[in-house]
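S.K.: Whatever this is, show me its structure:
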Amino acid sequence: MKRNAFAGTGKVFHFTFRQLLKSKANRRSLLVMLLIALISVPALSLIRGGSNGGGSDTFLIDNQTTLSLSGLAGRLEEEGVGTMQEASADLRDKADLRITDSPDGLIVTQLTGSAYGSVSYAAQITAQFLKEQQLLAAGLSEAAVNVLAYYPDTYIMTDEEYAEFSREKADDPSGSSITDDPAGPAEEDEGFDQGSYMVQLGLSVLLMMVSILSVSFVIRAVVEEKQSKLVDLLLVSVEPGALLLGKVLASLLYALLYYVVLIGGMLISRTVSGLFMDTSGTENYLTNILKLDLGPDVLAVLLITSLLGFLAFGILGGICGAGCSSIEDSGGAMSLCMLLIMAGYMVSIFATAGGLTHGNAAKAFSIIPVISMFSAPTLYMYGKVGFGPVAIGWAVQLFFILLLTLLAAKVYSGLIIYKGKRLSLGNILRMARGKEVRV
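M.R.: Model prediction:
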């Protein structure tokens, strides 16, 4: 590769980014995304049981039993739901929750709020708190209550397995308990974890959307310039490799701008909506996000891994787009990138849902190109892989980016002046090897 193979990348970057900003269709889509973000919090609050006015997160509880609720307020605050107040006689008809006796035990009745709102979550916490208090009142120890109150599993074992468990317990009384797996310690984090699954799902959706947007911007910019003959003028002052790399970087930045607008709009919506309506129904989501261990190392892994993935998809999209002669052909160029993006997205989601994100599988998902972009950040965040596999994944991604860059520098000058039927990736590779292209 020539030393100046990418001379002029900055010029192409600035030109392409300005063109994207000037596009009326792009400006309209940005406005629509901002409007969606601005109404997101009010809409979610109404769906989850928010009400107009007040904005209070204090729950009134009508306790019609002799059981003390001391400690429940602290539990509700710990869970990020709100605070509580026992309803006096004149406020019982306004209570959010009612606790009553029945032949079957204590019953917590939800009186206000949506079935999916914060009141419902407060009812669940209250019911769990009451169950613990009943067990403590019956004379059980706190250790026993911690087991019985949370529905322990029942284990089935052979005589040999139980004998082995008993020997281990005798050797180390503090090391294991009957609530541990008697057949032996299972591999850590094995099985389905709803918390990590929801984080993986949200992150994968975001990465997938940014990838699709950036690739579509790259392909459209390449094809439109070919149709307008503008590319012939650009080749006079810049190298072919710079022409592609500048477009990829500009399109990626513009795609990220969409999500800056989306997140910024949601923050504004949350701040303004809290002034005139109850947004407590959305606080559980925000609280769960804030509880994540997003240290500098996690943020660095997320940023570097995702940017390398975006760059690889963008270069591949630019190469495939250069083989098109019209906008109508761009759908075929997009299909290969879409297939790879969806493959990485689906593998990361199903692997997490199936409990396959541990051990050697987690290391593989952190290294394999395409999949690592979606899986490595959450696997590292939850401690299922160390920094080593993530760094190897970066090296592999950089290797494939280098291969794509070499391919682009070799064939892009021929592709952007090509007119005719869309060239497949196979034909583009044949062109790179100097062989005849079969159209």
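S.K.: C-alpha only now, for contacts and for neighbours.
M.R.: Will do.
S.K.: Spell out which residues make up each domain of the chain.
M.R.: 9-47+191-432, 58-148 (automatic domain parsing).
S.K.: Output these in a markdown table; the columns should cover mean pLDDT and mean neighbour count.
M.R.: Listed next are those as a markdown table, based on pLDDT from 0 to 100; neighbours: other CA atoms under 10 Å:
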| stretch | mean pLDDT | mean neighbour count |
| --- | --- | --- |
| domain 9-47+191-432 | 79 | 19 |
| domain 58-148 | 77 | 16 |
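S.K.: Can you lay out those as TSV showing distance to residue 163?
M.R.: TSV is the format used below for these (distance: least, CA to CA, whole Å):
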stretch	distance to residue 163
domain 9-47+191-432	26
domain 58-148	23
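S.K.: closest one to residue 171 among these?
M.R.: Minimum separation from residue 171 across these (CA to CA) falls at domain 58-148, 21.5 Å.
S.K.: Now find how far off-centre the closest one is within its chain.
M.R.: 33 Å (CA atoms, centre = their mean, to the nearest Å).
S.K.: i'd like the first residue to be 45 from this point on
M.R.: Let's use 45 as the start, then, which means that last one is domain 102-192.
S.K.: Strands along this protein, start to end?
M.R.: All strands of the chain, identified by DSSP state E, fall at 102-107, 127-130, 141-146, 149-154.
S.K.: Give me the helices and strands touching the first one, please.
M.R.: What it means is strand 102-107. Judged by 3 or more CA pairs under 8 Å, 6 or more residues apart in numbering; DSSP states H and E, the packing partners of strand 102-107 are strand 127-130, strand 141-146.
S.K.: Over to the second one?
M.R.: On a contact count with 3+ CA pairs under 8 Å, 6+ apart, strand 127-130 meets strand 102-107, helix 116-122.
S.K.: Ok, the third one next?
M.R.: Packed against strand 141-146 by the contact rule (3+ CA pairs under 8 Å, 6+ apart) you find strand 102-107, strand 149-154.
S.K.: what about the residue positioned nearest the centre of the chain, distance to residue 73?
M.R.: In the chain, the C-alpha nearest the mean C-alpha coordinate belongs to residue 247, at 1.4 Å (CA atoms, centre = their mean). For residue 247, the distance to residue 73 equals 22 Å [CA to CA, to the nearest Å].
S.K.: One more: residue 178?
M.R.: Taken as CA to CA, the span from residue 178 to residue 73 is 56 Å.
S.K.: All the helices of the stretch 95-244 of the chain, residue numbers only.
M.R.: Per DSSP state H, counting those that start in this stretch, the stretch 95-244 of the chain has helices spanning 116-122, 162-181, 186-192, 203-215, 238-271. These are given in chain order.
S.K.: Send me the second one as CSV with only the CA atoms.
M.R.: Extracted C-alpha coordinates of helix 162-181, given in CSV (Å, rounded to 0.1, in the frame of the first residue of the first chain):
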residue,chain,number,x,y,z
SER,A,162,-44.7,1.2,40.8
VAL,A,163,-47.6,0.5,43.2
SER,A,164,-47.7,-3.1,42.0
TYR,A,165,-43.9,-3.4,42.7
ALA,A,166,-44.5,-1.9,46.2
ALA,A,167,-47.2,-4.5,46.7
GLN,A,168,-44.8,-7.3,45.9
ILE,A,169,-42.2,-5.9,48.3
THR,A,170,-44.8,-5.5,51.0
ALA,A,171,-46.1,-9.1,50.6
GLN,A,172,-42.5,-10.4,50.8
PHE,A,173,-41.8,-8.3,53.9
LEU,A,174,-45.0,-9.6,55.6
LYS,A,175,-44.0,-13.2,54.9
GLU,A,176,-40.6,-12.6,56.5
GLN,A,177,-42.2,-11.0,59.6
GLN,A,178,-44.6,-13.9,60.0
LEU,A,179,-41.7,-16.4,60.0
LEU,A,180,-39.7,-14.3,62.5
ALA,A,181,-42.7,-14.0,64.7
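S.K.: for it, packing partners?
M.R.: Looks like helix 162-181 contacts helix 116-122, strand 149-154, helix 186-192, helix 324-334 (3+ CA pairs under 8 Å, 6+ apart).
S.K.: quick revisit: want to try a markdown table for the helices and strands packed on strand 141-146, with distance to residue 462 as columns?
M.R.: As requested, the helices and strands packed on strand 141-146 are exported to a markdown table (distance: least, CA to CA, whole Å):
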| stretch | distance to residue 462 |
| --- | --- |
| strand 102-107 | 68 |
| strand 149-154 | 68 |
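S.K.: Between the ones you listed, which one is closest to residue 443.
M.R.: Of all the helices and strands packed on strand 141-146, strand 102-107 sits nearest to residue 443, with 55.8 Å by CA to CA.
S.K.: now residue 254: how far from residue 409?
M.R.: Taking CA to CA, one finds residue 254 at 20 Å from residue 409.
S.K.: Repeat that for residue 208.
M.R.: Counting by CA to CA - residue 208 and residue 409 are separated by 35 Å.
S.K.: And for residue 187?
M.R.: On the measure of CA to CA, residue 187 and residue 409 end up 39 Å apart.
S.K.: Which one of the helices and strands packed on strand 102-107 lies nearest to residue 107?
M.R.: By CA to CA (comparing all of those), the closest turns out to be strand 141-146, at 4.9 Å.
S.K.: residues in contact with the closest residue to residue 179 other than its chain neighbours?
M.R.: Closest residue to residue 179 apart from its sequence neighbours, by CA to CA, 6 or more residues apart in numbering: residue 189 at 6.3 Å. Neighbouring residues of residue 189 by CA atoms under 8 Å, 6 or more residues apart in numbering: 176, 179, 180.
S.K.: what's the answer for residue 422, then?
M.R.: 240, 243, 244.
S.K.: what residues does stretch 110-122 touch?
M.R.: With CA under 8 Å, 6+ apart, stretch 110-122 has contacts from 126, 127, 128, 129, 166, 169, 170, 173.
S.K.: Residue 310 contacts residue 81, correct?
M.R.: Yes - assessed by CA atoms under 8 Å, residue 310 is found in contact with residue 81 at 4.9 Å.
S.K.: and the helices of the stretch 95-244 of the chain as TSV, adding distance to residue 104?
M.R.: Putting the helices of the stretch 95-244 of the chain into TSV (distance: least, CA to CA, whole Å) gives the following:
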stretch	distance to residue 104
helix 116-122	11
helix 162-181	10
helix 186-192	27
helix 203-215	47
helix 238-271	30
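S.K.: For residue 300, which of those helices is the nearest?
M.R.: Closest among the helices of the stretch 95-244 of the chain, using CA to CA: helix 238-271, at 6.7 Å.
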